[in-house]
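[1] Sequence unavailable; structure follows:
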């Protein structure tokens, strides 16, 4: 059997089991704390508090790992903490017409000139990444 890891960004809020299942009769002392979870496709579910808190942590944006997966799919990403508006990064994936032979990340800094880019320690550990567009 192979090992997998999944990364997804969800929306959630605290919600008891009883509130999530209003048609189920539950003894008051058996009610369990948990979270209402809403996935990107709109699907809603409920998760027990311990299970949820083991799998998720609150963020104000996305970690670099999520941004990196996005740019591999052709998305543009920026950091809300960057010091200039309009900056973003993307990946160049070479094709048969490219001069470069391997994929690389580039940035559109303030001024708009596209240049190769390397992530700093702060960029890699930052959790304020936001998808552009």
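    Thanks, I have it. This one's a predicted model, so the numbers in the text were calculated from it and none came from an experiment.
[2] When you work out contacts or count neighbours from here on, use the C-alpha atoms and nothing else.
    Noted.
[3] Tell me which residues of the longest helix anywhere in the chain come out buried.
    Ranked by residue count and defined by DSSP state H, the top helix of the chain is helix 64-72. Within helix 64-72, the residues that count as buried by 16 or more other C-alpha atoms under 10 Å are 64, 66, 67, 68, 70, 71, 72.
[4] quick check, nearest of those to residue 126?
    Taking C-alpha to C-alpha as the measure, residue 126 sits nearest to residue 64 out of the buried residues of helix 64-72, at 6.5 Å.
[5] just checking, what packs against the strand or helix carrying residue 77?
    Using DSSP states H and E, residue 77 sits in strand 76-79. Judged by 3 or more C-alpha pairs under 8 Å, 6 or more residues apart in numbering; DSSP states H and E, the packing partners of strand 76-79 are helix 64-72, strand 88-92, strand 129-132.
[6] Which residues does that strand contact?
    With contact meaning C-alpha atoms under 8 Å, 6 or more residues apart in numbering, strand 76-79 is reached by 67, 70-71, 87-90, 128-133.
[7] Provide a PyMOL selection command restricted to the buried entries of those residues.
    A single PyMOL command is used to select the members of the contacts of strand 76-79 judged buried by 16+ other C-alpha under 10 Å:
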select buried, resi 67+70+71+87+88+89+90+128+129+130+131
